[in-house]
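>>> Mind looking at a prediction? Sequence and model below.
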Amino acid sequence: MGLLSVASGVFAVIPIQEKSLQGLSAADARLKLIAAAQSFLGTPYRYAGIDRRGLDCSGLVYLSFKEGLDFTVPRTAESIYAWTERIDTQELAPGDLVFFVTAGQRISHVGIYTGEGSFIHSASDGPSTGVMYSRLDESYWQRTYRGAGRALPWDEEAAQVIPAAKSGGNATQPGSPSSVVYTGGKAGVVPLWADSGFYTGFGAAWTWGGFFAGAPSPFRGISAVGTIGYKWSRYNTGLELRPEWDNALGIFRLPFTLSFGTDTLRVFVGPAYTFGEPVLSLENQERFYSGGGTWHWGAGVSGALPPIRIGSGAASLYGELAWQPYYSKAGKDFNFAPDFTANLRASTGLRYLWRFR
């Protein structure tokens, strides 16, 4: 067990270095890896398969490294992902690896990138299965794409050699086992949402409130959010402008917030300016609140369904709970239901965030 622990630790931090390539250049190593993978084209899919009778996705990667470079890599898609060096999609070069989340929240699929947006993998489902070419811009793979990883060195010599190695293969009709599908440039690669980098986006939501006897309509108003921020592989942070029309209080609110979290859960906090005097109209009275024409602090939490990746961004349905303090001018005349309603905003809507080039 101790040896296994050590081995897994090594796999987790050390991609293949040049000293492990047995005298091969970075370019030759990548060409050999792709040639090995291409030799398996047409092999049927078989769960946990690791020979020419059948291969699963990580089995294809495992056997391609073994036969092409005589190098043993981790056996599962998730462990291969942890082992490789993270790179952005714009940096992809033939011989790098691409990863997907096709079920649940963990990495569950891996392929070998061959250039021009194409990759070789062993598909378990769909109109065709087994070892084949697919493209990153196909709707399914674009939606499930998680990121890219580098296991083999990449240098200036490789950048010069590999474009010249193209020998007539393409994504759907590969040439000989030594062919490499690659245009030699990355200008057409669009950064995907899973890549790290700066992003922007917007959202719009319907706000709710007043779920008690005598309250105004539960349809409280509308809110929007415009954001600019930075995304890492899992976490992201942003500066947000959140204009809100609160029909229940008869005011317009303009919060500026800082947010931090993941694609599905984040928190935000910041100052908000209130235009107008907040007044909550009930069936039998009006409650007046302080805070009009002034700045107040507010905070909240936002939860979203797992995003659907569209182009270079991600769309998702989201919901928010936000608290912005208003105090009743009646002083000691505290009434929990209306005063709580005046301070709490609940909303549901749709947002779209996308990566800059």
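Yep, it's here.
>>> can you pull out the helices in the stretch 51-200 of the chain?
With DSSP state H, counting those that start in this stretch, the ranges of helices along the stretch 51-200 of the chain come out as 57-69, 77-83, 139-144, 156-164.
>>> Pick the most deeply packed of those.
Scoring the helices of the stretch 51-200 of the chain by mean neighbour count under mean count of other C-beta atoms under 10 Å gives helix 57-69 as the most buried, with a mean of 23. (C-beta placed from N, C-alpha, C; glycine too.)
>>> Give the other helices and strands that it contacts.
Other elements packing on helix 57-69 under the criterion 3 or more C-beta pairs under 8 Å, 6 or more residues apart in numbering; DSSP states H and E are helix 26-38, strand 50-51, helix 77-83, strand 109-115, strand 118-123.
>>> For the stretch 201-350 of the chain, which segments count as strands?
Across the stretch 201-350 of the chain, reading from the start of the chain, the strands by DSSP state E, counting those that start in this stretch fall at 219-231, 236-241, 244-246, 251-261, 265-275, 279-281, 286-288, 295-304, 308-310, 313-323, 344-355.
>>> what residues does the longest one touch?
Right, the one you point to is strand 219-231. By C-beta atoms under 8 Å, 6 or more residues apart in numbering, the residues outside strand 219-231 that reach it are 193, 195-210, 236-248, 259, 320, 345, 347, 349, 351, 353, 355.
>>> Give the PyMOL command for selecting the buried subset of those.
Selection of buried members from the contacts of strand 219-231 for PyMOL, criterion 16 or more other C-beta atoms under 10 Å:
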select buried, resi 193+195+196+197+199+201+203+205+207+208+209+210+236+238+240+242+244+245+246+248+259+320+345+347+349+351+353+355
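>>> what's the burial count for the closest residue in space to Phe198 that isn't next to it in sequence?
In space, Phe198 comes closest to Phe356 once its chain neighbours are excluded; the distance is 4.8 Å by C-beta to C-beta, 6 or more residues apart in numbering. Applying other C-beta atoms under 10 Å, we find 10 other residues in the vicinity of Phe356.
>>> returning to what we had before: same list, the helices and strands packed on helix 57-69, but as CSV with distance to Leu60 and mean pLDDT please.
Conversion of the helices and strands packed on helix 57-69 to CSV gives the following (distance: least, C-beta to C-beta, whole Å; pLDDT from 0 to 100):
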stretch, distance to Leu60, mean pLDDT
helix 26-38, 6, 90
strand 50-51, 9, 90
helix 77-83, 10, 93
strand 109-115, 8, 94
strand 118-123, 5, 93
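>>> in the stretch 201-350 of the chain, what spans have low per-residue confidence?
Applying pLDDT under 70 to the stretch 201-350 of the chain picks out residues 210-216, 233, 311-312, 330-332.
>>> Relative to Leu353, how far out is Ile222?
Here Ile222 is placed at a distance of 20 Å from Leu353 (C-beta to C-beta, to the nearest Å).
>>> between the helices and strands packed on helix 57-69, which gets nearest to Thr89?
Taking C-beta to C-beta as the criterion, strand 109-115 is the member of these that comes nearest to Thr89, at 9.7 Å.
>>> got the angle between that closest one and strand 118-123?
Relative orientation of strand 109-115 and strand 118-123, computed by axes from the mean of the first three to the mean of the last three C-alpha atoms, to 10 degrees: 150 degrees.
>>> what does strand 109-115 contact?
Outside strand 109-115, the residues touching it (C-beta under 8 Å, 6+ apart) are 33-34, 37, 57-58, 60-61, 64, 77, 80-81, 92-102, 119-121, 133-134, 144, 148, 162, 166, 171, 180-183.
>>> Which residues are in contact with the closest residue to Val301 other than its chain neighbours?
Take Val301 and drop its neighbours on the chain: the residue closest to it by C-beta to C-beta, 6+ apart is Val267, 5.2 Å away. Residues in contact with Val267 (C-beta under 8 Å, 6+ apart) are 259-261, 299-302.
>>> and which of these is nearest Leu41?
Out of the contacts of Val267, the one with the shortest distance to Leu41 is Gly261. That distance is 41.8 Å, counting by C-beta to C-beta.
>>> any idea how far Ser328 is from Pro278?
10 Å.
>>> actually Thr89, not the one I typed
With the distance defined as C-beta to C-beta, Thr89 ends up 47 Å from Pro278.
>>> mind checking the end-to-end distance for stretch 84-104?
From the first residue to the last, stretch 84-104 extends over 21 Å; the measure is C-alpha to C-alpha, to the nearest Å.
>>> Map the structural domains onto the sequence of the chain.
With automatic domain parsing serving as the domain definition, the record reports that the chain contains domains spanning 2-164, 197-355.
>>> for Ser25, what are its contacts?
Ser25 makes contact with 157-158, 161 under the criterion C-beta under 8 Å, 6+ apart.
>>> Considering the residues you listed, which member attains the minimum pLDDT?
pLDDT across the contacts of Ser25 is lowest for Val161, at 78.
>>> Can you tell me, leaving aside adjacent residues, what's nearest to that residue?
With sequence-adjacent residues excluded and distances taken as C-beta to C-beta, 6+ apart, Val161 is closest to Ala27, at 3.9 Å.
>>> hmm, back to that, what's the PyMOL line that selects buried ones from the contacts of Val267?
In PyMOL, selecting the buried portion of these, with burial taken from 16+ other C-beta under 10 Å, looks like this:
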select buried, resi 259+261+300+302
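>>> Just name the closest of the contacts of Val267 to Pro338, please.
Checking the contacts of Val267 one by one against Pro338 (C-beta to C-beta), the nearest turns out to be Gly300, at 20.1 Å.
>>> Can you report how many residues lie near the residue lying closest to the closest one once chain neighbours are set aside?
The shortest distance from Gly300 to any residue that is not its chain neighbour, by C-beta to C-beta, 6+ apart, is 3.3 Å, and that residue is Ala322. Here the count is done by other C-beta under 10 Å, and Ala322 has 24 residues near it.
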